[in-house]
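J.: model the structure of this input:
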Amino acid sequence: MATDDVPLDDKAKRMRDLLSSFYSPDPSSTPNVPSKYGTLDTINTTSFDPDQYMNLLVQKSNLEALLKRHVEMAAEIKNLDTDLQMLVYENYNKFISATDAIKRMKSNIVGMEANMEHLLDKIMSVQSRSDGVNTSLFEKREHIEKLHRTRNLLPKVQFIYDLPARLGKCIKSEAYADAVKFYTGAMPIFKAYGDSSFQDCKRASEEAVAIIVKNLQGKLFSDSESIQARAEAAVLLKQLDFPVDSLQAKLLEKLEQSLGDLRLETGEIENVFMESNDPSKQSIPTMAHEASVREFVEAIRAYRVIFPDSERQLITLAQDLVIKHFETTEQSVKRRISSANLLVVLRTIWTDVLLMDEVLHEAVLPKFSLEAAQVTVKQYVASSFTYLLQDISDALLKVNFSPKDAAEEHPLQVALEASKKAVLQGSMDVLLGFRQLLDDDLGLLVKLRDLIIDWVQEGFQDFFRALDDRFLLLSGRKNSSSQKQGLTEGTNGEKVLAGLVLVLAQLSVFIEQTAIPRITEEIGASFSGGGARGIENGPAFVPGEICRIFRSTGEKLLHHYINMRTQRISTLLRKRFTTPNWVKHKEPREVHMFVDLFLQELQAIGSEVKQILPQGLLRKHRRSDSNGSTTSSRSNPLRDDKMSRSNTQRARSQLLETHLAKLFKQKVEIFTKVEYTQESVVTTIVKFCLKSLQEFVRLQTFNRSGFQQIQLDIQFLRTPLKDTVEDEAAVDFLLDEVIVAASERCLDPIPLEPPILDRLIQAKLAKSKE
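T.: Predicted structure coming up:
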């Protein structure tokens with residue numbers, strides 16, 4: 001039980017130390033603790049002092065601890081005896097096996113020394129006989145080796161003698177590489193024996209080499225030779241120790257001139273486009289271009305070997321080639337290029353860059369081309385939005401023709417549908433092209449992915465702002481030089497321009513309610529991410545802002561259309577009331593023709609709004625008979641009776657009864673918010689025109705006949721205007737106001753008798769039917 005109180009680790013450690021000290025051959029290797037530092041742990045050391053240990057134990061422990069320590073030490077002693085006994089039992093068999101092995105070794109060693117001496121005698125005998133054979137065959141071996149060296153030298157000598165003939169054959173077959181190899185191989189022999197044994201061979205060979213050098217020089221500067229062939233000629237001349245460094249400037253100039261054949265020209269790009277559109281055709285121009293670039297790459301490789309210090313010039317040439325490629329691509333982008341065709345061109349350029357980068361890594365062409373591609377792709381994105389804006393403008397301007405020459409029955413509706421398609425489908429096509437750039441695995445585009453996403457979002461934001469400006473420009477609310485080219489006002493041009501403004505207003509509503517949500521959904525699905533512009537700059541595409549812009553623009557354009565139509569009718573009314581002398585006006589015989597013109601204008605307006613705007617809810621605002629008369633205060637019997645008085649009394653009572661009639665009339669809201677409906681727009685225009693008519697009347701002075709003419713015209717307008725507008729009460733009120741204003745400005749305001757008024761109106765209606 002006492003042994004369980006001792007930790008296992010401490011117990012095992014002490015046992016290992018004891019066994020180590022017991023079997024240690026060197027007692028000095030065991031730890032020795034000086035006595036002056038005596039502790040209770042010194043019991044396991046060789047310098048253990050029993051008296052000191054007991055004194056220390058008595059000083060530090062009480063009686064109970066001493067008894068406990070006694071029990072522990074007794075248990076440890078018993079365990080040590082047991083462990084030592086087990087150790088002896090375990091190693092006993094090993095001791096016996098070692099003893100047997102030593103005995104066998106002693107018995108086997110006996111007799112070995114005699115065998116070794118016998119073997120030594122044999123070796124010495126063999127060595128003496130071998131020395132005798134070498135001595136007897138030494139002279140013959142030396143002679144054989146000499147003959148062998150002579151035999152090996154004979155083909156070389158024969159080669160030297162045959163060298164001039166070989167060089168001649170190489171010149172005839174233009175195998176200059178073999179000729180140079182033969183001559184350079186014979187140069188060591190010519191240097192050693194050229195002035196003695198092989199003097200004639202050397203002279204003939206030098207003559208042949210001179211011809212070879214001359215031919216190589218001609219090949220080097222020949223424009224008909226390929227770049228690779230000229231580079232090989234330069235390498236061969238350098239192997240012949242020809243001073244090619246003096247030709248470096250000319251060779252580099254030739255190489256620079258050859259870049260003209262490698263540049264992507266406009267015609268070549270168009271051929272590539274045709275190939276991309278017709279997969280059945282072989283891409284012969286593309287393969288020819290790639291072959292030319294590979295030849296140029298091999299020339300660069302050769303030039304670097306020939307002219308090690310020409311690296312800077314070669315880098316400049318390679319970069320210039322990349323710049324020319326992208327300049328040609330940018331020119332094609334300006335002439336409108338599809339995303340598929342742009343991918344073909346970029347892939348061709350990237351292939352050229354990778355090929356040149358293999359031999360001219362110091363130029364860092366991938367990084368250089370990435371910067372150039374960034375400019376080109378950004379220009380492509382911007383040009384795509386520019387062409388989309390132009391397509392929408394073209395669709396809108398189709399409405400700008402004379403109605404007499406119109407092939408369509410509803411030109412405004414056709415223009416609206418075409419412009420809607422141009423906006424929505426055109427935007428979807430542009431996004432599809434941009435998505436093709438993002439989905440392609442081309443190294444250039446993968447690195448530009450975040451930038452392309454930002455460019456697309458920024459492009460749509462700027463595009464819709466530009467589209468809003470274009471709408472205002474086409475509507476005439478902004479002055480521009482382009483507005484004078486085909487959008488000037490005229491007889492028919494003014495009508496077309498007004499209809500175009502109405503189309504623009506409805507198109508603005510379509511963009512706000514349909515186009516922007518659809519485009520926003522597509523951008524969120526395919527163009528999310530980006531972030532290259534930085535979080536601090538905010539989102540690139542803000543659909544809420546665009547919706548607010550086009551909501552405001554739509555309202556402005558709708559009001560602009562109303563103002564344009566109102567101004568045209570107001571011009572007609574101004575001519576009507578400023579031309580005649582109303583003081584000397586004759587008695588009315590019929591409804592004046594300005595009424596027909598006025599109704600014709602309203603009919604044209606109705607035709608336009610029916611093509612563009614939807615119908616509104618049917619709601620007719622009528623005045624109640626209980627709140628006042630629906631006719632003018634000048635047409636009731638009481639007023640007719642009072643008009644028979646004298647002019648003085650009539651003038652006094654007229655003003656009083658006019659104000660009393662206004663007090664008892666139903667309160668009518670004349671100018672309300674304009675809605676995007678046919679009835680709302682027509683009603684607003686009629687209200688404005690009648691208000692203008694009232695103001696024109698107030699500026700004139702009428703006699704009795706002039707007043708009666710105004711009464712007849714206004715009374716004829718009541719029925720067609722009520723059938724046209726949705727707010728009958730307001731129109732009826734404004735018509736009454738015109739008659740009241742005319743009576744106020746009349747010198748003798750005596751109205752027509754109702755039977756005469758009805759007869760004249762019926763005559764006009766009958767004439768209109770004819």
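
J.: for the spatially closest residue to E608 that is not a sequence neighbour, what are its contacts?
T.: Once flanking residues are discounted, E608 sits nearest to G499: 5.1 Å by Cβ to Cβ, 6 or more residues apart in numbering. Heads up, the C-betas are built off the backbone N, CA and C, glycines and all. Taking Cβ atoms under 8 Å, 6 or more residues apart in numbering, we find G499 in contact with V399, P411, L412, E608, I612.

J.: which helices and strands sit right next to the longest helix anywhere in the chain?
T.: Criterion DSSP state H: the longest helix present in the chain is helix 112-173. The contact analysis (3 or more Cβ pairs under 8 Å, 6 or more residues apart in numbering; DSSP states H and E) places helix 112-173 against helix 176-193, helix 199-220.

J.: what mean pLDDT does stretch 116-132 have?
T.: Regarding stretch 116-132, the rounded mean pLDDT is 85.

J.: distance between it and the chain's centre?
T.: Taking Cα atoms, centre = their mean, to the nearest Å, one finds stretch 116-132 lying 91 Å from the centre of the chain it belongs to.

J.: mind picking out the helix or strand in this protein with the poorest mean pLDDT?
T.: Scoring the helices and strands of the chain by mean pLDDT, DSSP states H and E places helix 637-642 at the bottom, with a mean of 41.

J.: which parts of this structure are strands?
T.: With DSSP state E as the definition, the chain shows no strands.

J.: just give me the residue closest to the centre of it.
T.: Centroid-nearest residue in the chain: I452, 1.6 Å away (criterion: Cα atoms, centre = their mean).

J.: how about the contacts made by it?
T.: Counting by Cβ under 8 Å, 6+ apart, I452 touches V377, V381, F434, L437, L438, L445.

J.: one more pass at 6 Å, please.
T.: For I452, the contacting residues are L437, by Cβ atoms under 6 Å, 6 or more residues apart in numbering.

J.: quick one: the helices in the stretch 601-750 of the chain?
T.: Per DSSP state H, counting those that start in this stretch, the stretch 601-750 of the chain carries helices over the ranges 637-642, 647-664, 678-698, 704-724, 728-744.

J.: the fourth one packs against which elements?
T.: Here helix 704-724 is seen to pack against helix 593-612, helix 728-744, helix 754-769 when contacts are counted using 3 or more Cβ pairs under 6 Å, 6 or more residues apart in numbering; DSSP states H and E.

J.: how about the second one: buried residues?
T.: By neighbour count on 16 or more other Cβ atoms under 10 Å, the buried set for helix 728-744 is 728-744.

J.: and for the shortest one?
T.: Neighbour-count burial for helix 754-769, with 16+ other Cβ under 10 Å as criterion, is recorded at L757, L760, I761, K764.

J.: send me that helix as PDB with only the CA atoms.
T.: Extracted in PDB, the C-alpha atoms of helix 754-769 (Å, rounded to 0.1, in the frame of the first residue of the first chain):
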ATOM      1  CA  PRO A 754     -82.000  81.700 -79.100                       C
ATOM      2  CA  PRO A 755     -84.000  80.800 -82.300                       C
ATOM      3  CA  ILE A 756     -81.600  82.800 -84.500                       C
ATOM      4  CA  LEU A 757     -78.600  81.200 -82.600                       C
ATOM      5  CA  ASP A 758     -80.000  77.700 -83.100                       C
ATOM      6  CA  ARG A 759     -80.700  78.300 -86.800                       C
ATOM      7  CA  LEU A 760     -77.200  79.500 -87.500                       C
ATOM      8  CA  ILE A 761     -75.700  76.500 -85.700                       C
ATOM      9  CA  GLN A 762     -77.900  74.000 -87.500                       C
ATOM     10  CA  ALA A 763     -76.900  75.600 -90.800                       C
ATOM     11  CA  LYS A 764     -73.200  75.200 -89.900                       C
ATOM     12  CA  LEU A 765     -73.800  71.600 -89.000                       C
ATOM     13  CA  ALA A 766     -75.600  70.900 -92.200                       C
ATOM     14  CA  LYS A 767     -72.800  72.500 -94.200                       C
ATOM     15  CA  SER A 768     -70.200  70.400 -92.300                       C
ATOM     16  CA  LYS A 769     -72.100  67.200 -93.200                       C
END
